Structure formats: structure tokens, C-alpha cells
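In: output the structure for:
(2 chains, ligands or ions: 1)
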Amino acid sequence: MPFIPHTEEDVRQMLAVIGVDSIDALFDEIPPTLRAKPLERVPEGLSEMQVAALMQARARTDGQPLCFIGAGAYDHHIPAAVWQIATRGEFYSAYTPYQAEASQGTLQLLYEYQSMMTSLMAMDVSNASLYDGASGLAEAVLMAVRANRKSKSRRILVPRTLHPAYRRTVRTIVGNQKIELVEVAFDASSGRTDLAALQAHAGKDFAALVIPQPNFFGALEDVDALTDFAHANGMLAIAVVNPLAMAVLKPPGDWGDAGGGADIACGEGQPLGAPLSSGGPYFGFMCAKQDLVRQMPGRIIGKTVDVEGKPGFALTLQAREQHIRRSKATSNICTNQGLLVTAATIHMALLGGEGLANVAATCHANTVDLLARLGGIDGVERVFDAPLFHEGVLRLAAPAADVLRSLAAHNVLGGYDLSADFPELGNAMLVCATELRTSDDIDEYAGKLTRIMAARTQAKCPVEPKFK
Amino acid sequence: MLIHEQSRPGRRAFAQAPKDRPALDDIPVEMQRRAPPALPEVSEMQTVRHYTRLSRKNFSIDTEFYPLGSCTMKYNPRACNSLAMLPGLLGRHPLAPDTHSQGFLACMYELQEMLKDVTGMKRVSLVPAAGAQGEFAGVAMIRAYHDARGDGARTEIIVPDAAHGTNPATAVMCGYKVREIPTLDDGDVDVDALKVALGPQTAGIMLTNPSTVGVFERRITEIARLVHEAGGLLYYDGANLNAILGKVRPGDMGFDVIHMNLHKTFSTPHGGGGPGAGPVGVSERLVPFLPVPMVGFDGHDYHWLTEQDCPQTIGKLSTFAGNAGVLLRAYIYARLLGREGMVRVAEYATLNANYLARRLADAGFDLAYPGRRATHEFIVTLKREARELGVTAMDFAKRLLDHGFHAPTTYFPLLVPECFLIEPTETEAMDVLDGFVAAMVAIKAEAQSSPELVKTAPHTLPVRRLDDVRAARELDLRWTGSAG
Ligand SMILES: Cc1ncc(COP(=O)(O)O)c(C=O)c1O
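Out: Numbering: from 1, shown residues only, chains lettered A, B, ... in the order given. Have a look, this model is predicted:
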């Protein structure tokens, strides 16, 4: 039997010890009227060989198109050692390190992770992960509402330049606690948060201001001004950052000309060693200032000593967590994204600060190249003029959905269609080129887009997609 | 030694990153970082050796029996991992168009269908990232349901005192007050107390069945009727689904919404703390509120269902569509098991638990619910050992580590003193269970002859018992030394 080691003789002996004559008799406390009928929609079991053939066919169906989509998930090179080690059974098949003495491997790794993340973010403390970037921001919002001593407000300022999926996720998660998200407009020419629009909220009572860097458009926000604004108005500053970008951009702990730094830094950990994998599993990271540590959600690892004075690591500040505090916990999170953090830690160790900076700068250079090449095509133009990091917006002389469909028919995923989330931008799309996209790839994209745009202006009709 | 302490300025794992660092001329200097972050500077081999060595300090399913109750630590088939990591699946961008996603979407759609079948629910959304997020989605749907009916008076969620901590924490995250009800001496929920607790303020109840004390809630049909009559809904915490897979379905018990822990029942890896996947299934009346996105099928093609298709949805729970890679592993596991394998999971998990319970009882240990049939797990209480020998459940747990077994869940549920919640799972062989009994017996003998040995355990692990108080008082949460 797959994954069940029992022989018939084992079963006979075990039943005899229990004192029943069949396995079915062990279910005698379940009311007979509730017993299930045979399953209908679960097919018969397959051998490993058959499932392998099935999965290979499924994977082939989806092809491996040339990808210029970012929008919160980035196609980076992951060193071979990362997942070979992360999938060692000792990491892969362990669980939450409740028995510290039998989990020093995971615990020390998590402590190293906390050390690396706090360096990267220039923050004091880090937890051991949340589910992903968007849900992590929701946790940061809840934390800010709890932690802000100057304000009892349940309102949060959220720039429109935040990833729209983050905004929606935060709304789902914090909405039932009567927390209100108030949107701040962006400047149409720079693509950055409109500081004048923000000023309209000065002196009003908000718990926190969310500051994305880079923002969803790839534009670099004036994080110093935003952080100072938050602090001058009694709000906590919540940084939402791409961790890879922090290898070359000013990290949240240093934000603000007044020197305050962000109070909470969170974001999507995917660029640190998690494959695209259809959107997950990734991990949400969260760092904070020291004085907020008791308000943090999630696991935190501390260094301590054993009875002989030997250093060791253990889960700490557990009185924040659901298994101790139940309804008074800082969050309901229990299982987190441990294995992704394992990968991220190995990834960061392999690349080091210099290596990460090389990756970040290469992504950026490739994107600048991409934007220049595509922006020079007839019917394609750049939209924003602010400095950007490794992602940018283009406007098309045709509906973005049509153009992207035509590109996809030619095996290029050309970008993310912005028209549903940002109708005010017209036919706009968000594009990105990571370090994995070569100049040949960019040539290929530019060539195909040129032909598609030319065909459209000549024919004035949508290009039919190949699919269906 | 920390990886940081092996760092030497200028040392690099050169093969890992692009060789050059293009200038960032177009980014104003004041926006740039002054110096790259102080991450360890180590070679590739140092890194590999360091983390390989760390891994060896872990207990894991692959190396030890890991009977952690409520967590279903069963074997994670290797094929599930290697097939989920096929390049075409691993490299798929979450926003890839449906034209380039039919293979992936087919897997997700079929998983939705299979989960509907095994739970008896009308529809399933796969997006919650773990059990607790599934709970959040479920209770948020209960709230959305009452709100949609204009019933704003329902402010309470009822939770048994034995419930997992995520249950009350979730209810609060959804804006509810928590009302606890007691568990009877036989392990069933106190139905009389439930009757008292129910009223027009009741939004719903969160139950685990089999419950967290390891027995099947025998009066579940009556409980469902009572809660429904009071206008409340029933939430099923699916952490213990392994016990009843293919045997009984939560939908048939009367539950309106359930979450499943695929990292338990569907054997996706626990990863040293995660990731998990906590899909939710609902009865007819909650279908409109399911979290998005889900996967639809029009007879030819698979497509995403989003807010546009589901206007009453509670919304999104993550940036994309949850822990897709975990869902793929669960899908592969389900295809390997098939219909007949699903039922076997419940049968052999139950067989193993009842066998182990009986053997431990025969060896002189006290079962917390001796009159009851064990489900896939059961509780031993070491209250007598603590009183007579001064050796606690914690001491037993630590000494088990020396004997080469991961400890069961300790001190949960809180209502049973000095408890061990023991879940052997179906993938363990009889001789392993016998070995565990022998270790328990040996530890008890040690507790009689040389109690200090047990009270100061473990003795053979990389560290001895750790000072948790110091960890919390003198917080040391990151490395602050300097390299080299
Ligand atoms: C009974 C019970 N409910 C809920 C949960 C929460 O699930 P998760 O850890 O996946 O969030 C767990 C597991 O940890 C559990 O054992």
C-alpha cells in the first residue's frame, strides 16, 4: 500500500492487541448515519511513474514563455545549492521548533536569518516570517494600530502607488476590525505619491502611513519626506520594500531626514531565493524597531544558553502568540513559511551583500535598457519620469490586453496590464527585466512588439490570439 | 558557530551572482544605500557545509519518529516534491495568462474537486496559506453571511476550551468576542453548556472533530441542529481530517465551512515551521463569500475566478493565489493515493493510534479518555508520574529525545494535566510503535531509579535544556558582532 508499511500479519497482531476484529470496528463511535459513501470525484490511485508522466505533460502544456512580468514576483537566478540544501529531509520534514534541543539546526538558521534581514533593512528586530508580502502588510497594519501610543486612530494612510493586490488583501484582513484605509493619490507625471495630496492629511489622526519602495510602478518614492511626514503627524511609518532593492537603495531603518527611520519594515521575500512557482509559497518578512518587538506577530528566535552555559537558540517572546495567549495574541498565525526562510538564508549567505547588490544593479540596468528599447517603438511611450528601480510603466496606442495577448501568442509575457487597476493611466502596462533577461531576450521582445504595433496601426484591428 | 562568524572581508561565493555591478547613475545618490548590507562573506563550500551541518542538528520525519499530536507528521513522499519542482511548474509566473496556464490550472481545478468530495462541501477555495488563514477566511465568511442578511446582532463565536489557540485568535481577528464552553470528562463537548451559550448573539461555533482531545464528537448532529436553530453557523477546524478521510465528511455532519491543513492530511512538508496550505470548503449558503481567486472550468478551458466573478467574496488573502507549490504537492499526493488510498489513510492512522494507546495503557500509562476509542491520536496524562516520581511531561519529552524519538505534543490541550498528545500517523510501522512504547517504559524505570537523569534530560543532543527565561529577559535576537 502506498506509504503504509503494514503487512497483513502486522494488522492481525495489532487488532488482537486492541481487541477488535477489524479496522472498521475502530470507527464504531461514529454514528452509522454519518458514514460516508465511496468517493466519487477522486480518481483511482496512480503509480509514481504514471503521476510523473501526467505532471510532465501538464508542465509542458504551460510552456516556458519569455517573461517580462514582475508586479510583485520576480524571475531571479537561484543558486543550485539553495534548494538542494533546503530540501534536505532534516529541514524539509521537520516542524516548528517547539522542542528546541532537537531543533537547533532550524533555530540557529532562523537566528541567522533574523540577523541578515535586520542588516538588509537596517532595523533592530525581525520575526521568522509571515505568509507573504500582502498578508504581511496586513499584519503590519494591525501591529501599528496596536502599537501607536500617540494615536488611538483606526485609520491608515495608504498610497495609491501600493501594489493593488496588497491593498485588497489588507482590506480583507483588517476590515472586520473596523480599520479604515484612506487612499493617497499619486502625481501623474512622476508616478510617485503626491506630497501635496498627502499634506491635506497633515494634523489629522491616523495610526500609520504605508510607504512602498519601490512603489508598484517601479518609481522611487521620496521615502525621507514620507517618513518625516508620518512622524511629524504622530503616525508610524510602515515600509513595504523589495528586499533585493535594499541591497542598493537606502534601507527603511535610515529613512527620514529627521533620522527616525521606518517603524516597521515588511514585504515580499520572494526575490530572496523563492522560485516564481505560480505565486507561492513565498514568505512575508517583517522587521521593526526594538520597542515594538512585543507587538510583533509570528515566531521570534532568541539566543540563550543551556544549563551548562553553552549557547543555544529557542523560540522566544511566545507570550505574544496564539498557543499561549489565545484570543489576546498579536495574530492567529501558527504555521508560517519556514522552508522559504531556510532558502532565503542560504541564498543571502551565498550571494552576500556584494552579490545581492550586483543582482539588483543588473536587474535595474536590464530594465532601463528594456524601457529605452520599448519606449522607442512607434505607439509605445514611457509614462513616468521619476527615478525607478527595476520596473516601469509603458503606455500603448492600443488596449494593453490585446497587445499582451498577441505577445503571449508569440511566447512573450510582455508585462502586467494596468488598465483594470489604474484606468486613469489609459492603455498602460508594467514591465520588468530581471538579471535573467539577456539583451537577446530584450531584442526579441522589442522585435515582436514593433511588429505587433505596426500591424495594428496598419490594420486598425485587434490581432487574433492563437489560443482557442 | 554562526555563518556570520565564518565571514572574512572580501570572501565571496563568486559563481552565484552577475560578475559586474552596473552603475546606478539614474538613481539619485541620496536614495541609494551607502554600502552594501553587512551579510556574511563566505565561500560556496562554507555555506553548503555550514547549513548541511546545521540540518543534522534537527529531528525530522525523515530521521526520527515524530508523533507530534495535531500536526500529522507523516512521511512526505519524495515524488510530490520533485514533480512539483518540474521547471515548467516552478517557473510559471503567477500573472501568466490563462493561455499559458492550462496545465497548472487543471491541477488546481481537480484538487478543488477532490477536496469537495472528501469533505462533502459544495465548493472549495484553495487560497488560504495555512490552517490559521483558512480559519480566518471561514469566520470572515460567517460574518459576511450574517452581514448580508442584515443580521448585525451576532457578536460571539463559541469555542470549546480544548480548542487550538488559533481558533480564539481568529475569532478576534474577525471582530468577534470569544465564548468558551467546557469539555466533559468523556471528552465530548458539554452540550448543556452549549445550549446556555447559544442565543441571538451567536454568530457560530468553531469545532474540531475528531476533537483536539483525540475522540470523535458523538453528538455532532445534535450540536449542528442546536447551533443552526439558534441562527449560528458551524466552523470545522480540519486539522484532524486525517482521522476520517473517506470515512465521514464534515459536510454530512452539518458543518457550513471547513478548512483543511494540507500540510497535515495531504502530506506536504512542514518545512521547519511551514509553508502550509489551508483550503476552505463551504456549504451552499456560503458559496458567494469564498475568498478569491478560484479556478473555474467551462468544459474546454480553465480560468481564474476573481472579484468580478464573485462580487460578494470576502476578497483576497494574499498577493497571488496562496501557496500554489504546496497545493501542487497535495495534488500529486492525492493522485498517488487515489480514492482507495484516501480511505486507507484514515484506517491505518486510526489503527496505529489505537494500537499505540492500548500498548501504552497495558504498560501502565494512563490514557486521559480510557473509555473512548482513539481516533488518529490520543492523550496520555502523566499526572500520576508527576505526583509519584516528580517527573513531568516536559521531563519525559526531553528524555524521549535522548531515546531517539521526537516528543509528542506536550501541554496541549491545556485542560488535561501533564499531557502528551500522541499522533503516530499511518506511515509508521508497528515495530517503530513498539520501540516508542519501550522507550516510554524505560524512561519510567529511569524516573524510578534515577529521577535526576530524566529531570535533566536531554543529555545526548547538541545542547542541554535551554534557559527560556533568559531568552525572553535578555533579548538577543540578532548577531551584532563584527566579522573576521
Ligand atoms: C487543531 C488545530 N487547529 C488549527 C491549527 C492551525 O493550523 P496552521 O498551523 O496550519 O495555521 C493547528 C495546527 O497547528 C491545529 O492543530
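
In: near the ligand, which residues of chain B?
Out: By C-beta under 6 Å from any ligand atom, the residues of chain B that approach the ligand are B:70, B:130-132, B:164, B:166, B:208, B:212, B:237, B:239, B:261, B:276, B:278. In this view, the C-beta of every residue, glycine as well, is placed from N, C-alpha and C.

In: do you know the pLDDT at A:M1?
Out: Predicted confidence (pLDDT) for A:M1: 89.

In: the one 4 residues further on too?
Out: Per-residue pLDDT puts A:P5 at 98.

In: restrict the residues of chain B next to the ligand to contacts with chain A.
Out: Subset of the residues of chain B next to the ligand in contact with chain A: B:130-132, B:164, B:166, B:261, B:276, counting by C-beta under 8 Å from any C-beta of the partner chain.

In: ok, so of the residues of chain B next to the ligand, who is nearest the ligand?
Out: B:G131 (2.3 Å; C-beta to the nearest ligand atom).

In: quick one, strands of the stretch 251-400 of chain A?
Out: Counting by DSSP state E, counting those that start in this stretch, the stretch 251-400 of chain A has strands at residues A:264-268, A:284-288, A:301-305, A:311-315, A:380-382, A:392-396.

In: could you list the low-pLDDT ranges of chain B?
Out: Scanning chain B for pLDDT under 70 picks out the ranges B:482-484.

In: B:E307 reaches B:I314, doesn't it?
Out: No - using C-beta atoms under 8 Å, B:E307 is not in contact with B:I314, being 10.4 Å away.

In: settle it for me: which of the two has more neighbours?
Out: Using other C-beta atoms under 10 Å in any protein chain shown, the more surrounded residue of B:E307 and B:I314 is B:I314, with 30 against 14.

In: the residue lying closest to that one once chain neighbours are set aside: how many residues sit nearby?
Out: Of all residues beyond its chain neighbours, the one nearest B:I314 is B:A140 (4.6 Å), with distances taken as C-beta to C-beta, 6 or more residues apart in numbering or on different chains. Using other C-beta under 10 Å, B:A140 is surrounded by 25 other residues.

In: and the helix or strand that contains B:A140, what does it pack against?
Out: Assigned by DSSP states H and E, B:A140 belongs to helix B:131-148. Using 3 or more C-beta pairs under 8 Å, 6 or more residues apart in numbering or on different chains; DSSP states H and E, the elements in contact with helix B:131-148 are helix B:166-173, strand B:202-208, strand B:233-238, strand B:257-260, strand B:280-282.

In: out of these, nearest to B:M394?
Out: helix B:166-173 (22.7 Å; C-beta to C-beta).

In: tilt between the closest one and strand B:233-238?
Out: Counting by axes from the mean of the first three to the mean of the last three C-alpha atoms, to 10 degrees, helix B:166-173 lies at 140 degrees to strand B:233-238.

In: quick check: next helix or strand after helix B:166-173?
Out: With DSSP H and E, the next secondary element past helix B:166-173 is strand B:177-181.

In: what about that following strand and chain A, touching?
Out: Yes - Strand B:177-181 lies within reach of chain A by C-beta under 8 Å from any C-beta, at B:V178.

In: so which bits of the helix holding B:A140 are buried?
Out: Within helix B:131-148, the residues that qualify as buried are B:131-146, counting by 16 or more other C-beta atoms under 10 Å in any protein chain shown.

In: equivalent analysis for stretch B:188-196, please.
Out: In stretch B:188-196, counting by 16+ other C-beta under 10 Å, buried: B:188-190, B:193-194.

In: please apply the same query to stretch B:397-405.
Out: Buried-residue list, stretch B:397-405, by 16+ other C-beta under 10 Å: B:397-403, B:405.

In: chain A next: which of the residues you listed are close?
Out: Checking these against chain A (C-beta under 8 Å from any C-beta), the matches are B:397-398, B:401.

In: and the angle from the helix holding B:A140 to strand B:233-238?
Out: Helix B:131-148 runs at 170 degrees relative to strand B:233-238, counting by the same axes, to 10 degrees.

In: C-terminal to helix B:131-148, what's the next element?
Out: strand B:156-160.

In: got the domain ranges for chain A?
Out: A:66-78+A:352-459, A:80-347 (automatic domain parsing).

In: just these: most buried one?
Out: Highest mean neighbour count among the domains of chain A (mean count of other C-beta atoms under 10 Å in any protein chain shown): domain A:80-347, with a mean of 23.
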